[in-house]
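**Student:** Turn this into a model:
(4 chains)
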4 protein chains.
Amino acid sequence: MNLNFASDNTGPVHPKIMAAMVEANAGAAMPYGNDPWMPQVTERIRTIFDWPEAEVLLVATGTGANALALAGLVQPWDSILCHRIAHIEEDECGAPEFFTGGAKLVLIDGAQGRIGADALTAQISRTGGSVHNVQKGALSLTNVTEAGTLYSLDQLAELTTMARDAGFATHLDGARFANACAALDCSAADMVRGFDMVSFGGTKNGCMGVEAIVMRDPALHWEMQLRRKRGAQLWSKHRFLSSQMLAYLEDDLWLDTARAANAAGQRLAKGLADIGAVLEWEPGANLLFARLPRAAHERARAAAKYYVIEEAETPLCRFVCDYTKTDAEVDGLLDVMAG
Amino acid sequence: MNLNFASDNTGPVHPKIMAAMVEANAGAAMPYGNDPWMPQVTERIRTIFDWPEAEVLLVATGTGANALALAGLVQPWDSILCHRIAHIEEDECGAPEFFTGGAKLVLIDGAQGRIGADALTAQISRTGGSVHNVQKGALSLTNVTEAGTLYSLDQLAELTTMARDAGFATHLDGARFANACAALDCSAADMVRGFDMVSFGGTKNGCMGVEAIVMRDPALHWEMQLRRKRGAQLWSKHRFLSSQMLAYLEDDLWLDTARAANAAGQRLAKGLADIGAVLEWEPGANLLFARLPRAAHERARAAAKYYVIEEAETPLCRFVCDYTKTDAEVDGLLDVMAG
Amino acid sequence: MNLNFASDNTGPVHPKIMAAMVEANAGAAMPYGNDPWMPQVTERIRTIFDWPEAEVLLVATGTGANALALAGLVQPWDSILCHRIAHIEEDECGAPEFFTGGAKLVLIDGAQGRIGADALTAQISRTGGSVHNVQKGALSLTNVTEAGTLYSLDQLAELTTMARDAGFATHLDGARFANACAALDCSAADMVRGFDMVSFGGTKNGCMGVEAIVMRDPALHWEMQLRRKRGAQLWSKHRFLSSQMLAYLEDDLWLDTARAANAAGQRLAKGLADIGAVLEWEPGANLLFARLPRAAHERARAAAKYYVIEEAETPLCRFVCDYTKTDAEVDGLLDVMAG
Amino acid sequence: MNLNFASDNTGPVHPKIMAAMVEANAGAAMPYGNDPWMPQVTERIRTIFDWPEAEVLLVATGTGANALALAGLVQPWDSILCHRIAHIEEDECGAPEFFTGGAKLVLIDGAQGRIGADALTAQISRTGGSVHNVQKGALSLTNVTEAGTLYSLDQLAELTTMARDAGFATHLDGARFANACAALDCSAADMVRGFDMVSFGGTKNGCMGVEAIVMRDPALHWEMQLRRKRGAQLWSKHRFLSSQMLAYLEDDLWLDTARAANAAGQRLAKGLADIGAVLEWEPGANLLFARLPRAAHERARAAAKYYVIEEAETPLCRFVCDYTKTDAEVDGLLDVMAG
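**Tutor:** Numbering: from 1, shown residues only, chains lettered A, B, ... in the order given. Next up, the predicted model:
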C-alpha cells in the first residue's frame, strides 16, 4: 500500500493530463510558446481569474514561477514582505534573491503560518524611507500557507489592500492554489482579487511539472518573457507545458484533484487527533503538521514516508496527501500508527 | 506532409521515450532526483563518457544546462571564450551572464562556425593580466556547431589542450551531441575527452525536455546542485526527467535518432545543391544554411517552415531536420522548391 | 557652538591626516595602490593586528568595506548571520546582497544590540541542510554595536568560536573599531583574534574617507583585488587613501581620536541621565540612544542636530560624538535641554 | 625631473582644489550629499551643460560613474554598444556587467578608436529582435577616445541621433571630458547635446577623486541615488567630493588644466614624430600612442614611466600628459629618447 505522505509532489501525473501530453505528441509543433495550445491556456485562465487582460507564462517549477514573478514586481533594492516560513524564504535556496538581483526578504511572524494585519501594519511602517534602506517592494502571501492553514478571502482582502495602499505590489504563491479554492469553496476570481501577480501551481496537484505565472497587467508581458528566457525557463518543446496545463484546467480537473487531496488530508487530520497526535496548526487542506506520540512515530517511521520537522519526544511531523490518496491509504497509515 | 524544417525542437517526443515516461508514472516516487531512475542515468553516462567519477544533473532546457555549467566553471570576473555565433552568445538572452554573475563572453571569429587554433592562441594571449581586465575563465565549444559544421576530434583536442594549458576550463555545448557523434562516427568518450563540463542534450533529438549537465570533477557536485536549485531548475517530479533520459540512452536510442536526423540533413543538403542553392557552410549533420534561389524561396515559403537568416535576393535560410524527417518529407520540400 | 550630534561622520578630517594628504600631493605617484605609502599601511596593520600574513585593501566607504569583505567570505547561496539592527542589514540599501550575488542576511535578535550565545546556537542549528536551504556562510559582528554598546573580548571569543566550529567564516564590522579598542582598553590584536576578515574603519574617526579591508588569509588577496576593481572601489589616485590611512595609524592617532570621542560620549550619557533622559542601551563608547523628556527634546531640536529614531511622548533619540566634541559642546547641548 | 607619462592619474591634485578641500574641512557638515556645496555643484553643471533639469551625483571613481550610469540606462537583458577598446570593455574588470546585472557589451570596431556611422548602423540592425536575443539598450561613446583621438561634434551628433532613433539611450564616458572640450574648443553644452547620461570626469584632470554622473532626466534621480548607495559609492563625508568638484568647476579651472595637458600632449606628439616615432592614431588631446624606434625606447625605458602596449621591434607605447607637464618635462623625455 502507498504510504508515501512525504509531499504532494511524490504523486503521479493524472491520467487525463498524461493522455493530453501523449495526444499533443503528434507531428511538428512550433516551439517556445507558439504552439496551438498556449492561446487556449491564456484564454482559460483569463476567464477563471476574471482578469480579461491578463497574460500567462508557463514554467516547469514552482520556484521558477515565484522567483520570476517577484523579479517582475520589485527592484533589486526593494523589500519583499513574507511570512517567516514562506516557501520563498525557506525552501528555494535563495532563488528569489538570485532572480530579483538581490532584493531583501523581510520576514513577518504570525500565528498559524499567517501574516496578521497588525504585524503587516507595523512592518510597512518600518519599510522604506531614506536612501540607506531597502525600499517598498511587494507583499507575497501563500494560500494554502506553508503551515497548511488557510487565509480567508477577507484576510486576503485586508492584507492586500493594506499593502497596495502603502505602495507595495502583491504576489500570491499559489503552489496549492487549487487546494485553497477547494477548501474555501471560492472561485479562482475570488482568490486572486487583491493580487498583481500569481504563481498558479499545477505540479503538486496532478501535473508533471507546470506552473503558470499570471500577471494582471499585460504591460509586464514582454519584460517577463525576457526574464523567463534569460532565467532558462523557456521550454523549446513548449507544447508539453501548454497541453499539460490545458488538460489540468479542462472540466475543472484542477478542482477535482484538489478536493480529493483535501478530503484525504482532512481524514488524516481527524484520524491523527483520534490516536492522540496534537495538530500543530489548523489544517485547512491537504498539508498538515502534527506532534506524534512517540510510540506511533516509532511504528510508522519504517512503514511510511513523511518528514520529521523537529525531533523531540513527540516529534513534529509533516504529512501531505496528494490527490491519489485513498481512504484506505489514509486509514492504513493511521492503523500502522495505532499499532 | 510535414514540411516543418524550422528546428529540431519542433519534432515530437520519440515513442519509446514517451512510453518510458508513462511507465514511470506509477504510484509515488521520491522527488528532486531521489527517484530510482536517476542513479541509472548517472551510471550510464559515466560509462559512455568513460568518466568513472562524473556527476550528472538533469535540467529541462539547453539554456539552463549551458548557463549552469558555465557558472560552475568561471568566476563573475572571468571571460568565456566562444565563437561569435555560439548559442550562448546569440540565443540565450544573456542567460550565461545572468547565471555566472556577469562573466564576459569574449567572441572569436572563425570560418565554418569553428574557432581556429590561431585565433584561439591570439585571444588567449590577450586575456587576463592586470586587475583592470577580466580574467581567464573557460573555453566553450559547440559540436555540432551553430553553423551546422563539425569540429573533428583532432580539432577538439587541439583547442581544448591549448585552453587548458593556458589555465582555462573547457565546456562543450552538446545541444546536438548525438548528431556530432553520429556524424563523426566516434564514441561519446572520444567526444568529451578534452572537456571539464558537458551540456549533453536530449531535447532536440527526441526527448521532451531534458539535458544533462555532466561534470568530470565530482568535487563540483554539491555546488552545482545548489546552483541548479537556486536557478529554479530542480524538478520536484524529477522522475520524468530521469526516466526520460534513461530511455534516451537505452540501447543507443540517442544515436539512432541522431543518425536518422543526420541522414535527412545530408539528403536535404545534396538536394538543395542540386536545385541551385549555395550551401553557406559545410553541413556536417542535420542543420544547414543555404542561399536559396529567389524563385525556390518564393515557392517554398508558403508551403514549408524554415527561418530566413538574412533577407536578400538569394536569402540565407536555415533548415533543420529532426529525427522524424523522412526521405519523402525532404524530397517533398525539394520538390516544392524545384517547382 | 557646534551642536551637531547627528553622526561621527559630520565631523572634520583630523588636521594631521589632512596635512599628510597635502604632503602626499607632490609630483607624480603611481596609481591603483602602487604608491609608496601603501606597503607601509599593510605593514603597520599586520603589526597592530598581529596578523603577519594579512593583506589589506583600502576603499573609501564603510559600506564598500563591509560588502566586499562579505562577498569574499560567502557564496551567493550562503547565509550571513547578523544582529537585527546591524548596519549591513539596516543601513546599506542591500549592498551586501548586491556584492555577494544575493546571499541572505539572517537576523538574530539580542538584548543591547548584541547577539547572545544561545540565540547564535539556535540559529546555527537551523541553518544549512538540504539543497533547498541557504547554506552556512559567515557570522558578522559589529563592535561598537549599532546600539552603541560593546561586546567584551570574551563575548567575541565565544561567538566567533561557535561560528567557526560550525563552519562559518567570521567578519567584524569595525566602523568604530578604534572606539571599541579604546573603550575596552584592548589592543587591535585582541579585538581581531577570532575573525577572518575585518572592516577597519577610519572615516568616522577623523579620516576623510578610508576604510581598510583586512583579510587574515593572504590567499584571498587576488580575488579581493578583482572584487574591489569590479566593485568600482579601486582608486586611481590611491595615494590619497594610503597616505590618509597611514597618518591615521601613525603614533596611535586612531586611538587618540577614539578616546576623545568616547570621553565626550560618556560625558553626554551621564549628563543625559542627570536631566532625566532614559538611556535605551548601555552606551559603551561615543554613540548613544536615549529617550528624552518631551520638554528637553522641544528645547534641543531647534538648537542641535541629532536623529529621532522613534517619535513618542519621550522620543527615542540618537546622539553621536565625533572626536572633536569638547566638554563645552557636550555641556552646551545639555544646557539647552535643561532649559 | 618628472618623467612620469604613465597616466594622467599619476598627477597631483591641483593646488586650488586641495585648498578648497582644506577650507571645507571646518567644523561639522551634514553627510551623504546634504552639505552646502552640493547644490552649487548641481547648479553649476546644469548651467554649463545647459540642462536645466539635470540631476548630479558624485562618486569617487570613473569606473563607478560609468557602471552606475549604464545601470541606470539599460536592463540586465539589454546590450551596450561600445567601441572594442572602450574603457568600459577593456579596463573595468567587468564592472558594467556587475552593476547592470549582466548586460552585454557589444563591441564595434572602427578606425582611430572611433565608431563609424556605417558600423553603428550595421550593429543596430543586428541588435534586439526575439526573446532569444539581448535587446536594445544604450550606446556608450568616449570622448577623448581611448585611442587618444577625438569625435567631432558632428560625429557625436550623427551617432547619438542614429542610436536614439533606433531606441537606444546614449551615454558619454567623459573621463577626459575637459580635454575633449578644450581640444574641440567647444562648450560643455555642445558636447553633451546628444546624450542622456554623462560621466563627467574630474580625477584625471586635477582632482583627487571625483566624477559626476549627470542625468538629463530628473525622473531617474531617486533610482540612481539608490543605485549609488547600494553600489557602495555614497560618501558619508560627502563635502570632500562636492567642494572638490566645485573648485574644479570654479572659474573654468577644469578647462585651464585640460588646455595645459593637451598642450603638453601635442608638444610631445610633435616631438615624437620628429625623432622618428610613428603615431599610431591622430592624437587629439593629452593621450597618445606611438611606435618608438627601438633605440629611443631602450634609452627612455629606464628614465621615464610609460606603458608598453605591444612589445615589438618598434614597440607600441602609450604616453599621457597630465595637466602639470611642463615644456621642460616633455622636452626632457624627448631628449632622453633622442640620446
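**Student:** show me the contacts for residue A:334.
**Tutor:** Contact analysis of residue A:334 by Cβ atoms under 8 Å, 6 or more residues apart in numbering or on different chains lists A:268, A:271, A:272, A:274, A:275. The C-beta positions use only the backbone N, C-alpha and C, and glycine is treated the same way.
**Student:** Could you report the separation of the fourth one from residue A:15?
**Tutor:** Read it as residue A:274. As for residue A:274, its distance to residue A:15 is 33 Å (criterion: Cβ to Cβ, to the nearest Å).
**Student:** Just want the most central residue of chain A.
**Tutor:** Taking Cα atoms, centre = their mean, the centroid of chain A lies closest to residue A:175, which sits 1.4 Å from it.
**Student:** pLDDT score assigned to residue A:62?
**Tutor:** On pLDDT, residue A:62 comes in at 98.
**Student:** Over to residue A:339?
**Tutor:** pLDDT, read off for residue A:339, is 88.
**Student:** Give me the neighbour count for it.
**Tutor:** 10 (other Cβ atoms under 10 Å in any protein chain shown).
**Student:** Any idea how many residues pack against residue A:147?
**Tutor:** With other Cβ under 10 Å as criterion, residue A:147 counts 23.
**Student:** What parts of chain A come near chain D?
**Tutor:** Counting by Cβ under 8 Å from any Cβ of the partner chain, chain A comes close to chain D at A:32, A:75-77, A:101, A:131-132, A:135, A:223, A:225-230, A:234.
**Student:** can you narrow those residues to ones near chain C?
**Tutor:** Answer for the residues of chain A next to chain D near chain C (Cβ under 8 Å from any Cβ): A:76, A:77, A:101, A:131, A:132.
**Student:** Give me the phi and psi for the last one.
**Tutor:** What it means is residue A:132. phi -80, psi -10 (degrees, to the nearest 10).
**Student:** Not counting residues beside it along the chain, what's closest to it?
**Tutor:** residue C:91 (4.5 Å; Cβ to Cβ, 6 or more residues apart in numbering or on different chains).
**Student:** A strand includes residue A:76, no?
**Tutor:** No. Counting by DSSP: H, G, I helix; E, B strand; the rest coil, residue A:76 is not part of a strand but coil.
**Student:** Let me know the pLDDT of it.
**Tutor:** 98.
**Student:** With the one 3 residues further on instead?
**Tutor:** Confidence per residue is given as pLDDT, and for residue A:79 that number is 98.
**Student:** what distance separates stretch A:169-181 from the middle of the whole chain?
**Tutor:** Distance, stretch centre to chain centre, for stretch A:169-181: 5 Å (Cα atoms, centre = their mean, to the nearest Å).
**Student:** Domain-wise, how is chain A divided?
**Tutor:** Domains of chain A are assigned by automatic domain parsing as A:13-253, A:255-338.
**Student:** Any idea how far apart the tips of the shortest one sit?
**Tutor:** From its first residue to its last, domain A:255-338 covers 32 Å (Cα to Cα, to the nearest Å).
**Student:** ok, now which ones touch residue A:74?
**Tutor:** Neighbours of residue A:74 in contact, by Cβ under 8 Å, 6+ apart: A:80, A:100, A:103, A:137, A:138, A:169.
**Student:** 6 Å instead, please
**Tutor:** Listed by Cβ atoms under 6 Å, 6 or more residues apart in numbering or on different chains, the contact set of residue A:74 reads A:100, A:103, A:137, A:138.
**Student:** out of the residues you listed, who's nearest residue C:127?
**Tutor:** Proximity of the contacts of residue A:74 to residue C:127 (Cβ to Cβ) peaks at residue A:103, which lies at 20.5 Å.
**Student:** can you list the residues of chain A near chain C?
**Tutor:** A:77, A:91, A:93, A:94, A:97, A:98, A:102, A:104, A:132, A:134 (Cβ under 6 Å from any Cβ of the partner chain).
**Student:** Just the ones of those residues in strands?
**Tutor:** residue A:104 (DSSP state E).
**Student:** Where neighbours are concerned, which of the residues of chain A next to chain C has the most?
**Tutor:** residue A:97 (30 neighbours).
**Student:** how about the nearest residue to it, chain neighbours excluded?
**Tutor:** In space, residue A:97 is closest to residue C:102, 3.5 Å off (Cβ to Cβ, 6+ apart).
**Student:** Pretty sure the one you found sits against residue A:95.
**Tutor:** No. Applying Cβ atoms under 6 Å, one finds residue C:102 not in contact with residue A:95, separated by 9.0 Å.
**Student:** that older thread, please identify the deepest-packed of the domains of chain A.
**Tutor:** Of all the domains of chain A, domain A:13-253 has the most neighbours on average by mean count of other Cβ atoms under 10 Å in any protein chain shown, namely a mean of 22.
**Student:** Extract the C-alpha set from whichever helix or strand residue A:157 is part of and format it as PDB.
**Tutor:** For residue A:157, the element it lies in under DSSP states H and E is helix A:153-165. Provided in PDB are the C-alpha atoms of helix A:153-165 (Å, rounded to 0.1, in the frame of the first residue of the first chain):
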ATOM      1  CA  LEU A 153     -10.900  35.700   1.500                       C
ATOM      2  CA  ASP A 154     -11.500  38.500   4.000                       C
ATOM      3  CA  GLN A 155      -8.000  38.200   5.300                       C
ATOM      4  CA  LEU A 156      -6.500  38.200   1.800                       C
ATOM      5  CA  ALA A 157      -8.500  41.300   1.000                       C
ATOM      6  CA  GLU A 158      -7.400  43.100   4.200                       C
ATOM      7  CA  LEU A 159      -3.800  42.400   3.700                       C
ATOM      8  CA  THR A 160      -3.600  43.100   0.000                       C
ATOM      9  CA  THR A 161      -5.500  46.300   0.400                       C
ATOM     10  CA  MET A 162      -3.100  47.500   3.100                       C
ATOM     11  CA  ALA A 163      -0.100  46.600   1.000                       C
ATOM     12  CA  ARG A 164      -1.400  48.300  -2.100                       C
ATOM     13  CA  ASP A 165      -2.400  51.400  -0.200                       C
END
